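Q: Based on what follows, work out the 3D shape:
(one chain, ligands or ions: 1)
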Amino acid sequence: MSDAAGPVDPTSTEAWSRLTTIASDFAPDLRRWFADDPGRVGRLTFDAADLHVDLSKGLVDDDVLAALLALAEQVDVAGRRDAMFRGDHINVTEDRAVLHTALRLPADATLQVDGQDVVDDVHEVLDRVYAFAEQVRSGAWTGVTGERIRTVVNIGIGGSDLGPVMAYEALAAYRQDGLECRFISNIDPTDAATTLADLDPASTLFIVSSKTFGTLETLTNARLCKQWLLDGLGGQDAADAVAKHFVAVSTALDKVADFGIDPANAFGFWDWVGGRYSVDSAIGTSLVVAIGPEGFRDLLSGFHAMDEHFRTADLAENVPVLMGLLNVWYTNFLDAQTHAVLPYAQLLHRFPAYLQQLTMESNGKGVRWDGSPVTTDTGEVFWGEPGTNGQHAFYQLIHQGTRLIPADFIAFATPAYPLVDGAQDVHELFLANFFAQTRALAFGKTADEVRAEGTREEIVPARVFSGNRPTASIMAPALTPGVLGQLIALYEHITFTQGAVWGIDSFDQWGVELGKQLAQQISPAVGGDAEAAAQQDASTQALIDYYRRHRS
Ligand SMILES: O=P(O)(O)OC[C@H]1O[C@](O)(CO)[C@@H](O)[C@@H]1O
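A: You can find the predicted model right below:
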């Protein structure tokens, strides 16, 4: 499967035909499959690093699995994976290597890419980030008035925000007391205003995080924050204040300097790190400040452990490959359109949002990496909320609605904050819900079972649960930095596997460009430029007109 030859069309493979045939009269019956096959759970449960993954409640039997693995062989998922790890330019439309896996290689590894040992580069920057974070954590780094830094505000959007904020929330138990991180992402001025409202400029440090350092939202927010800082400090020399209160993370260090941030206070990364794959680069600087270099090292080791599993495990035992293939089965053969991610861990409340960028910006594509149209549906709409909140909101549809919604359930044996209600361990009650939901979804409740409870016949149908609703259960001992790294890498590689099957470039994001361009073009019209307004379509003109009549 060479890039020159273009991707293999998955629908042209023998395995795809086999899957089509299987799907045509597929009648999943998890009750029977479990009853008839005592080995099912053992065969479909896997350990990858610290993650324990049970796929037995998925809609998959041995035939389906064999055909999916054959599909992976026939489109050469392993070859594409190896090309990624090697540093080949598999991001074809941007002619770039895709090497987020190099960000978590240990310092004694080597990886030559385009004539350069990238591991040296990675660790040189990591050491600088760690030294900076230690200074902030210890109080050695002070603001321009000599005050200790109490709040670090990360300014970034997309991958320069979602990863750090998700991990900051997830690892709340590992944060240093007395040092808070906040995050500004939206260009809605309300975001900056509410985030800064109760902060003291003298003890606030900003990290401007932007791969390109050209993103409108981030640069606008950075300017707002600079103004807020200078106004609040009153009379301090601007250059001195910026030097003590602003650092930057970017691949474009020249633009950082243009913004007025000293390159000595900037941490670089490389074009081979995609934004949505960058939380483990210097983009994670706010997180390093929060959890410390030791915590961040553990996070990186977790990523690396999952990378090694993905790189070396047989496809038949390879958890990201299996989960990616199952998603292809659900999407392309069983007509699933969305995928729920349901963490039974309050601290993972931003994980679904993080996965939305990872999966949907990666695989929401209509052309393959050679420019030809895709030959089948791609992408899945990822969404979710932490359990048990979701149970009291949208689980109704997952249990009894007409759509098939594969769902990943995530839980941890040990809670971050153990609490007891009287004699009852609340975490166990929480976990009982986690176990109950996947069981209910898999095995349902028949009409006879409903009747046996004495239910009136007219409402029996409403109380039946069909079952056979697929879930994957992911468990780990605890939500540590290492386990979080494994979890993120798991989903990165699931996303990779799906993209490889579909033959798409999962590492570009041209779909976000048109809206950005138009926003620049429409901006003068919003500000009252009649000529610019006249160039807009009738609907847009009318909406802008409404805004201009109603603004205060
Ligand atoms: O880090 P930057 O360059 O500011 O980009 C932010 C985000 O914008 C995008 O390029 C497009 O939304 C994302 O891929 C990226 O994470």
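Q: I'd say residue 348 and residue 479 touch.
A: Yes. If you go by C-beta atoms under 8 Å, residue 348 and residue 479 touch, sitting 7.1 Å apart. From N, CA and C alone the C-beta is placed, and that goes for glycine too.
Q: which residues do these two both contact?
A: Common contact partners of residue 348 and residue 479 (C-beta atoms under 8 Å, 6 or more residues apart in numbering): residue 170.
Q: Tell me which residue in the stretch 301-450 of the chain sits closest to the ligand.
A: residue 361 (5.8 Å; C-beta to the nearest ligand atom).
Q: what does the stretch 151-300 of the chain have sitting close to the ligand?
A: 157-160, 210-212, 215, 218, 275-276 (C-beta under 6 Å from any ligand atom).
Q: now those residues as JSON lines including pLDDT and distance to residue 458?
A: Formatted as JSON lines, these follow (pLDDT from 0 to 100; distance: C-beta to C-beta, whole Å):
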{"residue": "157", "pLDDT": "98", "distance to residue 458": "53"}
{"residue": "158", "pLDDT": "98", "distance to residue 458": "51"}
{"residue": "159", "pLDDT": "98", "distance to residue 458": "53"}
{"residue": "160", "pLDDT": "98", "distance to residue 458": "56"}
{"residue": "210", "pLDDT": "97", "distance to residue 458": "60"}
{"residue": "211", "pLDDT": "96", "distance to residue 458": "60"}
{"residue": "212", "pLDDT": "95", "distance to residue 458": "61"}
{"residue": "215", "pLDDT": "95", "distance to residue 458": "58"}
{"residue": "218", "pLDDT": "97", "distance to residue 458": "58"}
{"residue": "275", "pLDDT": "98", "distance to residue 458": "55"}
{"residue": "276", "pLDDT": "98", "distance to residue 458": "50"}
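Q: Out of these, who's the most crowded?
A: residue 160 (30 neighbours; other C-beta atoms under 10 Å).
Q: who's in contact with that one?
A: By C-beta under 8 Å, 6+ apart, the residues touching residue 160 are 154, 209-211, 215, 218, 249, 275, 278, 283.
Q: Kindly report the residues of this structure close to the ligand.
A: Near the ligand, when you scan the chain using C-beta under 6 Å from any ligand atom, you find 157-160, 210-212, 215, 218, 275-276, 361, 509, 512.
Q: From residue 249, how far out is residue 130?
A: With distances taken as C-beta to C-beta, to the nearest Å, residue 130 is found 14 Å from residue 249.
Q: between the two, who's got more neighbours?
A: Taking neighbours as other C-beta under 10 Å, residue 130 and residue 249 compare with residue 249 leading, 28 against 18.
Q: Now do the helix or strand harbouring residue 181: distance to the chain's middle.
A: Per DSSP states H and E, residue 181 falls inside strand 180-184. Chain-centre distance of strand 180-184: 19 Å, with C-alpha atoms, centre = their mean, to the nearest Å.
Q: Kindly report the same for stretch 132-147.
A: Distance, centroid of stretch 132-147 to centroid of chain: 31 Å (C-alpha atoms, centre = their mean).
Q: what comes into contact with that stretch?
A: Outside stretch 132-147, the residues within contact range by C-beta under 8 Å, 6+ apart are 148-149, 152, 176, 179, 200-205, 233, 236-237, 240-241, 243-245, 247, 267, 285, 288-289, 292-293, 296.
Q: and it, average pLDDT?
A: The pLDDT scores in stretch 132-147 average 98.
Q: mind listing what's buried in that stretch?
A: Neighbour counts over stretch 132-147 (16 or more other C-beta atoms under 10 Å) mark 132-133, 136-137, 141-144 as buried.
Q: Kindly reformat the contacts of residue 160 as a markdown table containing distance to residue 547 and secondary structure.
A: Formatted as a markdown table, those follow (distance: C-beta to C-beta, whole Å; DSSP: H, G, I helix; E, B strand; the rest coil):
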| residue | distance to residue 547 | secondary structure |
| --- | --- | --- |
| 154 | 30 | strand |
| 209 | 31 | strand |
| 210 | 28 | coil |
| 211 | 31 | coil |
| 215 | 24 | coil |
| 218 | 24 | helix |
| 249 | 35 | strand |
| 275 | 30 | helix |
| 278 | 35 | coil |
| 283 | 34 | helix |
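Q: export those residues to CSV and tack on distance to residue 13?
A: Below are the contacts of residue 160 laid out as CSV (distance: C-beta to C-beta, whole Å):
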residue, distance to residue 13
154, 44
209, 42
210, 41
211, 36
215, 40
218, 43
249, 42
275, 32
278, 34
283, 38
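Q: now, which of the residues you listed sits nearest residue 460?
A: Set against residue 460, the nearest of those by C-beta to C-beta is residue 275 (51.5 Å).
Q: Can you tell me, leaving aside adjacent residues, what's nearest to the residue of the stretch 301-450 of the chain closest to the ligand?
A: Leaving aside its chain neighbours, residue 361 sits nearest to residue 509 (5.0 Å; criterion: C-beta to C-beta, 6 or more residues apart in numbering).
Q: One more: residue 238?
A: Leaving aside its chain neighbours, residue 238 sits nearest to residue 230 (5.7 Å; criterion: C-beta to C-beta, 6+ apart).
Q: Residue 505 versus the one you found, what's the distance?
A: Residue 230 sits 43 Å away from residue 505, taking C-beta to C-beta as the criterion.
Q: Check residue 30 too.
A: For residue 30, the distance to residue 505 (C-beta to C-beta) stands at 36 Å.
Q: contacting residues around the closest residue to the ligand within the stretch 251-400 of the chain?
A: The stretch 251-400 of the chain approaches the ligand most closely through residue 275 (2.5 Å), counting by C-beta to the nearest ligand atom. Counting by C-beta under 8 Å, 6+ apart, residue 275 touches 158-160, 211, 283, 509.
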